[in-house]
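1. Okay, here's the prediction I keep looking at, along with the sequence it came from:
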Amino acid sequence: MSPDEKARKVIAAMMQHDAYSTWMGIEVLETTAGFCCVRATIREEMLNGFGICHGGVTFSIADSAFAFASNSHGIKSVSVETSISHTKAVKTGDIITATATEQHLAGKLATYYVTLTNQHNDTVALFKGTVYRTGTEWLV
C-alpha cells in the first residue's frame, strides 16, 4: 500500500468514530501522507453572542484537519500543543476550508500548520499544532 493510500484509509477509519467532526459537518477533501484538507459550513448554532462564529468552532475545524494530517502516516498521534490566531470574522453560511501541512516530522514529535480560509479564499485563521507520535500503528 502506498503512503497516500494508507493516509486515506487511516482518515476514513478515524472519521468512522469521530462523532464531533461529523456533527461539525466536516468533509475530508484531500489526504496524502502528512497533509489533509477539510471543509465545513458555518451554521447558526455555531455563532457566539456577537453573531459571529465562535472561535472554538474554527479551532475545532483546524484541529480535525491537524489530527487527520498527523495520523496520516499510520502512527497514532495525539496533540500536545496547539494555538490559533483568528484573522477575520467568520459568519453563518461561510464555507471554511482548513489545510493542514506537515512542517516537521522527527521521531516522537511532529509539527503542523493549518490555514483556514473562507469561500472567498480570505485567510480567517492560522493554527499551529504539535503531536506526540505514540509508536502504535493504525491497523487499516
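-> Looks like it came in fine.
2. Show me the strands in this protein, by range?
-> 27-32, 35-41, 75-86, 95-106, 109-117, 123-137 (DSSP state E).
3. Need the single longest helix in the protein, by residues.
-> helix 55-71 (DSSP state H).
4. for it, packing partners?
-> helix 3-16, helix 19-24, strand 27-32, strand 35-41, strand 75-86, strand 95-106, strand 109-117, strand 123-137 (3 or more C-beta pairs under 8 Å, 6 or more residues apart in numbering; DSSP states H and E). (Each C-beta comes from the backbone N, C-alpha and C, glycine too.)
5. Could you export the ones you listed as TSV, including mean pLDDT?
-> As requested, these are exported to TSV (pLDDT from 0 to 100):
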stretch	mean pLDDT
helix 3-16	93
helix 19-24	94
strand 27-32	96
strand 35-41	98
strand 75-86	97
strand 95-106	97
strand 109-117	98
strand 123-137	97
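6. can I get the ones you listed in CSV with distance to residue 53 and mean neighbour count?
-> Shown next, in CSV, are these (distance: least, C-beta to C-beta, whole Å; neighbours: other C-beta atoms under 10 Å):
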stretch, distance to residue 53, mean neighbour count
helix 3-16, 22, 17
helix 19-24, 12, 14
strand 27-32, 17, 16
strand 35-41, 10, 22
strand 75-86, 9, 15
strand 95-106, 8, 18
strand 109-117, 10, 21
strand 123-137, 8, 17
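7. so how far does stretch 39-46 reach from one end to the other?
-> Length of stretch 39-46, first residue to last, C-alpha to C-alpha, to the nearest Å: 15 Å.
8. Same check on stretch 50-57?
-> The first-to-last residue distance of stretch 50-57 comes to 14 Å (C-alpha to C-alpha).
9. and what of stretch 111-123?
-> 20 Å.
10. same check, this time on stretch 81-90
-> By C-alpha to C-alpha, one end of stretch 81-90 lies 24 Å from the other end.
11. Excluding its own residues, what touches that stretch? List them.
-> 42, 52-53, 55, 57-59, 62-63, 66, 96, 118, 122-130 (C-beta atoms under 8 Å, 6 or more residues apart in numbering).
12. Quick check: pLDDT value at the residue minimising distance to the centre of the chain.
-> By C-alpha atoms, centre = their mean, the chain has its centre lying nearest to residue 65, at 1.3 Å. For residue 65, the model assigns a pLDDT of 98.
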